[in-house]
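Enquirer: Need a 3D model of the sequence below.
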Amino acid sequence: MVALIYPFAWQHTYIPVLPPSMIDIVCSPTPFLIGLLSSSLPRLKELPVEEVLLVDLGNNRFLRQMDDEDSILPRKLQTALEQILEQRNELAMEMDQGSTNGQQDSSSLNDIVSEAFVRFFVEIVGHYSLFMVPGEQDERTLLRDAFRKSVSSKSVRRFLEVFMETQMFGGFTQEREMRKQGNKGLFEVRAQEYLETLPGGEQSGVNRFFNRIGSKMRFLHKK
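Expert: Below is the predicted model:
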């Protein structure tokens with residue numbers, strides 16, 4: 001879960017597997033991302049837990065929702081992401097039926113999921129480097145208002161207006177403001193590829209999203 005939000009980093013409490021004896025931590029009023037064993041579920045239901053999203057990862061279902069899940073992300077990009085993940089699941093079923101390279105296939109499918117989320121965030125904030133200006137002592141500064149207003153999609157602008165106030169986005173920008181300009185990670189590479197498609201292309205962001213991930217899925221389908 002934490003890996004999927006790359007290039008952002010979770011800024012609050014994170015416990016991969018919480019021991020049953022410490023389950024009261026879930027009553028904390030601060031944000032958290034916590035993993036529980038299924039055996040802890042009965043005890044969890046007895047606790048006064050509020051404003052918590054509860055997901056059963058083993059059975060791929062929500063146990064408790066906040067009722068705002070469908071309104072947080074830009075709808076078109078959310079739909080594109082959902083469809084890519086659905087296609088990934090269909091491809092996984094086909095591989096299970098006809099492949100003997102289970103570990104290799106699993107790794108390839110995981111790569112598709114990781115790449116899909118990276119592309120998702122590229123579509124939303126991949127243009128940030130265009131709005132970094134030199135500051136003092138080799139540091140750079142993000143022109144926040146110009147960065148947000150440059151996005152043509154109203155839904156993405158609305159999302160950014162909220163997202164840019166989070167500690168997660170703050171950590172993302174602070175790291176890049178202090179980073180030397182030549183240093184690039186995977187996200188910067190993908191963002192540069194994205195920016196190179198913008199000047200002469202007529203494709204929408206959603207179409208670019210589909211085409212980039214879809215080409216990799218077609219390759220796996222032929223293996």
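Enquirer: Residue 12: what's it in contact with?
Expert: 30-33, 167 (C-beta atoms under 8 Å, 6 or more residues apart in numbering). Placement of C-beta: from N, CA and C, glycine included.
Enquirer: buried subset of these?
Expert: With neighbours counted using 16 or more other C-beta atoms under 10 Å, those contain no buried positions.
Enquirer: ok, so of these, who is nearest residue 115?
Expert: Among the contacts of residue 12, residue 33 lies closest to residue 115 (C-beta to C-beta), at 22.1 Å.
Enquirer: Which pLDDT value belongs to that closest one?
Expert: Listed pLDDT for residue 33 reads 95.
Enquirer: could you dump the contacts of residue 12 to JSON lines with secondary structure and distance to residue 85?
Expert: What follows is the contacts of residue 12, written out as JSON lines (DSSP: H, G, I helix; E, B strand; the rest coil; distance: C-beta to C-beta, whole Å):
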{"residue": "30", "secondary structure": "coil", "distance to residue 85": "30"}
{"residue": "31", "secondary structure": "coil", "distance to residue 85": "25"}
{"residue": "32", "secondary structure": "strand", "distance to residue 85": "25"}
{"residue": "33", "secondary structure": "strand", "distance to residue 85": "20"}
{"residue": "167", "secondary structure": "helix", "distance to residue 85": "27"}
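Enquirer: Reformat those into CSV and put distance to residue 79 next to each item.
Expert: Below are the contacts of residue 12 laid out as CSV (distance: C-beta to C-beta, whole Å):
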residue, distance to residue 79
30, 32
31, 27
32, 29
33, 25
167, 28
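Enquirer: just the residues you listed now: which is nearest residue 11?
Expert: In terms of C-beta to C-beta, no member of the contacts of residue 12 lies closer to residue 11 than residue 167, at 4.0 Å.
Enquirer: where do the helices sit along this protein?
Expert: 41-46, 69-72, 75-98, 102-125, 144-149, 154-163, 167-178, 186-196, 205-222 (DSSP state H).
Enquirer: The third one versus helix 154-163: what angle between them?
Expert: Going back to what we said before, that points to helix 75-98. Counting by axes from the mean of the first three to the mean of the last three C-alpha atoms, to 10 degrees, helix 75-98 lies at 90 degrees to helix 154-163.
Enquirer: average pLDDT across helix 75-98?
Expert: For helix 75-98, the mean confidence score works out to 81.
Enquirer: What helices and strands are in contact with it?
Expert: helix 102-125, helix 154-163, helix 205-222 (3 or more C-beta pairs under 8 Å, 6 or more residues apart in numbering; DSSP states H and E).
Enquirer: so who does residue 36 touch?
Expert: 17-18, 23, 26, 44.
Enquirer: which one of the helices of the chain is the most hemmed in?
Expert: Ranked by mean neighbour count under mean count of other C-beta atoms under 10 Å, the helices of the chain are led by helix 102-125, which reaches a mean of 17.
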